[in-house]
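*Asks:* Need coordinates for the following:
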Amino acid sequence: MTQHDEVVDAELVDDDHLPAIATHGHWQPAPVLSVMVDQHTVLLPGEDLPTEADAPTYTKRDLYVSPATAERLKNHSKPKNTNKNYESQRDLFKAWCAKHGRVARPCTTATYIDYIGHLIEQGRSPNTISAHMSAIRTWMPDDKKPGTSEARGLLNEYRKEWAKRTRVKKAPPITRDMLRAMVETCDLSTPAGIRDRCALLLARGALNRRIELADLTIADVSVDDDFVTLHIQFSKTDQEGKGEDPEIPAEPDDLLLCPVDATRAWLSMLHRLGVRDGAFMRALTSAGTLQNRIRATDRGDHVTGDAINDWVRNRAHQAGLKNWWKLTAHGLRRGGAQEIADAGGDPTKQGRWKPGSAVVKREYLDRAQSRAENPWLRVQAKRRADG
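*Replies:* Reported below is the predicted structural model:
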């Protein structure tokens, strides 16, 4: 060993311990750096475990956005109504947490779940609860948001209960055979019989909503040899009042159910009653005279939608139809639309639904197609062919 050689102390260390380092002439243990991994870490063979030393060091430059970006963020914030709703929903959550001694922000998953359970107990609608869930969760710091699996599970089960509880019971459709039985009860020697026959056939032919029929004026009704044309000034899908003109064809082979014949008969009766303009559908006394409507409603001479329903139920009752009390004017709309769909037509325009209406597709077109493709029809056809 020469004078230039040095003796260096060395020590063997375990793989998971760093060697000691000298500080001011004294040996100090090296700082232990935490391993930075989680369940999402993926390492390739030969790669070392990442530690704190590998983590980037952030400065202010990494945390601020530019003034231009800040302005864009302001301009692209949520609508005012959404912000107000979120603030209100968060305030309710904070108040509930304070009442129950819980931390509101950041909340635990258990608190989040329990609050959703609280809203369910209150009987809030599923959509309202979902909005509360979103408002609360987006309010939390990104790295401390509560888990949603359990809360979503509660809400999904509640949706099923809610659907059963609030399911709308639709009026049964009035089929052509039912319609015939109802029209046959109309005494065509009386004003009420003539009026009710006309109302039944127009409601079905134009697929009218009851208020559309009740709002008709005499000027809205045009009759020629082949069609009745109704001018519907307003409808559920035409709130701007552009107006639509559904046409109803005559039924020359079935005079009793002919809309053209029924409309002419009612217009003639109105003339005999001294009515030349104004409301087309009129309230009548039991004696067949015009009812005084001055003090009845704020609709003047126009009847109400409820009155149209009463006429329909009365005729169904007289016809002895099963469950007559469940039938309404909407049943004429449903029955007519289904008959059109069953014949291969599309009732959308006739019934003034929006183009591409999901209701029409689901309730009428899909149902008609399903019926037409029913496998038992093939069995029946084969039986007939086999004699």
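*Asks:* List the contacts of E150.
*Replies:* Each residue near E150 by Cβ atoms under 8 Å, 6 or more residues apart in numbering is listed here: 109, 113. C-beta coordinates here come from the backbone N, C-alpha and C atoms, glycine included.
*Asks:* how far away is it from Y158?
*Replies:* Distance, E150 to Y158, by Cβ to Cβ, to the nearest Å: 13 Å.
*Asks:* Flag every buried residue along the longest helix seen in the chain.
*Replies:* Using DSSP state H, we find that the single longest helix of the chain is helix 80-99. By neighbour count on 16 or more other Cβ atoms under 10 Å, the buried set for helix 80-99 is 85-86, 89-90, 92-94, 96-97.
*Asks:* got the CA coordinates for that helix in PDB?
*Replies:* C-alpha atoms of helix 80-99 as PDB (Å, rounded to 0.1, in the frame of the first residue of the first chain):
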ATOM      1  CA  LYS A  80     -77.200  30.300 -12.100                       C
ATOM      2  CA  ASN A  81     -80.200  28.000 -11.300                       C
ATOM      3  CA  THR A  82     -77.900  25.000 -11.000                       C
ATOM      4  CA  ASN A  83     -75.600  26.900  -8.600                       C
ATOM      5  CA  LYS A  84     -78.500  28.100  -6.500                       C
ATOM      6  CA  ASN A  85     -79.900  24.600  -6.300                       C
ATOM      7  CA  TYR A  86     -76.500  23.200  -5.400                       C
ATOM      8  CA  GLU A  87     -76.100  25.800  -2.700                       C
ATOM      9  CA  SER A  88     -79.500  25.100  -1.300                       C
ATOM     10  CA  GLN A  89     -78.900  21.300  -1.300                       C
ATOM     11  CA  ARG A  90     -75.500  21.700   0.400                       C
ATOM     12  CA  ASP A  91     -77.000  24.000   3.000                       C
ATOM     13  CA  LEU A  92     -79.500  21.300   3.900                       C
ATOM     14  CA  PHE A  93     -76.800  18.700   4.100                       C
ATOM     15  CA  LYS A  94     -74.700  21.000   6.400                       C
ATOM     16  CA  ALA A  95     -77.700  21.600   8.700                       C
ATOM     17  CA  TRP A  96     -78.400  17.800   8.900                       C
ATOM     18  CA  CYS A  97     -74.700  17.100   9.700                       C
ATOM     19  CA  ALA A  98     -74.700  19.800  12.400                       C
ATOM     20  CA  LYS A  99     -77.800  18.400  13.900                       C
END
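*Asks:* List the contacts of the closest residue in space to L92 that isn't next to it in sequence.
*Replies:* Excluding the flanking residues, the one nearest L92 by Cβ to Cβ, 6 or more residues apart in numbering is H132, at 7.6 Å. With contact taken as Cβ under 8 Å, 6+ apart, H132 is in contact with 89, 92-93, 115-116, 119, 124.
*Asks:* Check which helix or strand H132 maps to.
*Replies:* Following DSSP states H and E, the helix or strand that holds H132 is helix 126-139.
*Asks:* what pLDDT, on average, does the helix or strand just after that helix get?
*Replies:* Next helix or strand after helix 126-139 toward the C-terminus (DSSP H and E): helix 149-166. Rounded to a whole number, the mean pLDDT of helix 149-166 is 89.
*Asks:* now stretch 268-279
*Replies:* In the prediction, stretch 268-279 has an average pLDDT of 95.
*Asks:* Between the two ends of it, how far is it?
*Replies:* 14 Å (Cα to Cα, to the nearest Å).
*Asks:* got the contact list for it?
*Replies:* Taking contacts as Cβ under 8 Å, 6+ apart, the residues outside stretch 268-279 that touch it are 191, 194-195, 216-219, 280, 282, 289-290, 300-303.
*Asks:* and with 7 Å instead?
*Replies:* Outside stretch 268-279, the residues that touch it by Cβ atoms under 7 Å, 6 or more residues apart in numbering are 191, 194, 217-219, 282, 290, 301-302.
*Asks:* and L154, how many residues sit next to it?
*Replies:* 16 (other Cβ atoms under 10 Å).
*Asks:* dump the residue contacts of the nearest residue to G356 once chain neighbours are set aside.
*Replies:* Leaving aside its sequence neighbours, G356 sits nearest to T348 (Cβ to Cβ, 6+ apart; 7.8 Å). By Cβ under 7 Å, 6+ apart, the residues touching T348 are 355, 357, 360.
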